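1. output the structure for:
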Amino acid sequence: MPIESPYPMISIEDALAIIQNAIQPLPSINIPFQTAPGYVLAEDVFANEPMPPFPASSVDGYAVVAADGPGKRRIVGDQAAGYMAGIEIEPGTSARVTTGAPVPPGADAVVMVEEAEVIGDHVEILARNIQPGTNIRPIGQDIEQNQRVLAVGTVLGPPELGLLGTVGRSNVTVYRRPKVAVMSTGDEIVEPHEQPAPGQIRDANRFTLIGAVRQAGGEPLDLGIVRDKQGSLQATIERGLTEADVLLTSGGVSMGQLDLVKPYLASRGTLHFGRVNTKPGKPVTFAVVDGVPCFAMPGFPVSALVSFEVFVRPALLKMAGHTNIYRPREKAVLAHRFSHTAARTEFQRVVLTRRADGTLVASTTGFQGSGRLLSMVGANGLVILPHGQDNYEAGAVVDALILDRVEMEDGVDKPHVSSL
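-> Alright, predicted model coming up:
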């Protein structure tokens, strides 16, 4: 009689809900703001001072009294950026000012150098319509005192770092990035620099998953290759549970006698699910052991990477404090016939392009075998072919997960804002 799995088959939606219910953001840490790109704020940031903190000139020119109108002014001094010159403007006088410089007391407008002509110690103002406030940035124009400039949950990038510097926040509180222990299992696997013996192959999954962890903002811990022996497997899993926030394995989750990962995780903690109605990746497993989320990926390289995209990446982003954790999803038109079996929902690797009318079009990357990593190379999307229907014909409209930049069919880049 065929061996039946003790783990019930659950839907993709149920699996994602189980994971999200079990995952929480990691504790916050305080770090120098220069080292914070990519981190997520764990605090609101407020400005203690207005910006600019004084009336500042927005141009190089001459500080004047607007009511004087056009005509000659006596130049009483120079006011450059970075200091207070101690000069004061009265009707009939002016001062040279540079961009960003404080506007001298008494002046209420700045005339650009292009609208003035210097004659000895006087300047001829040529501008005809001078209004109070012209070319002056008032106090607090950019940032008001006590204004919230960045909110909890903000992903820190170049503009946000500039704001932190502007408001004087040399340190900032952010959510910690998850440390992810990654291991491959199997007697048949050797390191890339080794020559495989008959019946062996070089390890691909570990490096694929380490790269995916880094791309998702996690910090990988390489646990190497673990042989299909109970003691070795247990020791490595325990090391991962001790040293990392997440355990990520590949291989050893099917129905063979040497598939030992699931039983051990079940013996140590709560195994939430061991099979999902998805292709590739049916035996993907999720457990929590001593508070550590554990994801056991299938052994085929594409199964491992697609399972990571669908189930692990959102979890790592949530742990790092992100709220936008899923890949963008759009409707896509299939460019040709896609082979599909009705039993499982399938994620097929595709190249997405966009027509001039905005329509997203999906073309296969070729043979979709679970061991063929080439089907992921160059793929910028995954089309979702739901269970319950056989082959999908050209022109069918399905959902697509966008993994990378989408280009126009004529080769012109189409801007696309991807979530983290």
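2. every contact and neighbour count from this point should use C-alpha atoms.
-> Fine.
3. low-scoring stretches of the stretch 1-150 of the chain, by residue?
-> 1-4 (pLDDT under 70).
4. list the contacts of the nearest residue to residue 69 once chain neighbours are set aside.
-> Nearest-residue entry for residue 69: residue 130, 6.3 Å, with adjacent residues in sequence omitted and distances by C-alpha to C-alpha, 6 or more residues apart in numbering. By C-alpha atoms under 8 Å, 6 or more residues apart in numbering, the residues touching residue 130 are 66, 67, 69, 70, 109, 111.
5. any idea how far residue 130 is from residue 63?
-> 11 Å (C-alpha to C-alpha, to the nearest Å).
6. which residues do the two both contact?
-> Listed as contacting both residue 130 and residue 63 by C-alpha under 8 Å, 6+ apart are 109, 111.
7. which one of the contacts of residue 130 has the most neighbours?
-> residue 111 (27 neighbours; other C-alpha atoms under 10 Å).
8. so who does that one touch?
-> Residues near residue 111 by C-alpha under 8 Å, 6+ apart: 61, 62, 63, 64, 125, 127, 130, 134, 135.
9. try residue 314
-> Residue 314 sits next to 325, 326 when contact means C-alpha under 8 Å, 6+ apart.
10. my guess is it is in a strand, correct?
-> No. Residue 314 sits outside any strand when classified using DSSP: H, G, I helix; E, B strand; the rest coil, being helix.
11. show me where the protein has helices.
-> Secondary structure of the chain (DSSP state H): helices at 12-22, 158-166, 205-215, 230-243, 261-268, 301-307, 313-319.
12. how distant is the first one from the center of its chain?
-> This means helix 12-22. Per C-alpha atoms, centre = their mean, to the nearest Å, the displacement of helix 12-22 from the mean C-alpha position of its chain is 21 Å.
13. pull out the buried positions in that helix.
-> Buried positions in helix 12-22, judged by neighbour count with 16 or more other C-alpha atoms under 10 Å: 12, 15, 16, 19.
14. which one of these is nearest to residue 379?
-> Nearest to residue 379, judged by C-alpha to C-alpha, of the buried residues of helix 12-22 is residue 12 at 21.6 Å.
15. pull up the gap between that closest one and residue 326, please.
-> Where residue 326 is concerned, residue 12 sits at a distance of 14 Å (C-alpha to C-alpha).
16. most remote residue from the middle of the chain, which is it?
-> Using C-alpha atoms, centre = their mean, the residue of the chain lying farthest from its centre is residue 120. It sits 58.3 Å away.
17. circling back to that earlier point, most widely separated two among the buried residues of helix 12-22?
-> 12 and 19 (10.7 Å).
18. that older thread, among the contacts of residue 130, which are located in strands?
-> The strands, defined by DSSP state E, take in 109, 111 from the contacts of residue 130.
19. still on that earlier bit, return the member of the buried residues of helix 12-22 nearest to residue 365.
-> Closest approach to residue 365 among the buried residues of helix 12-22 (C-alpha to C-alpha): residue 12, at 23.3 Å.
20. what residues does the closest one make contact with?
-> Residue 12 makes contact with 276, 277, 278, according to C-alpha under 8 Å, 6+ apart.
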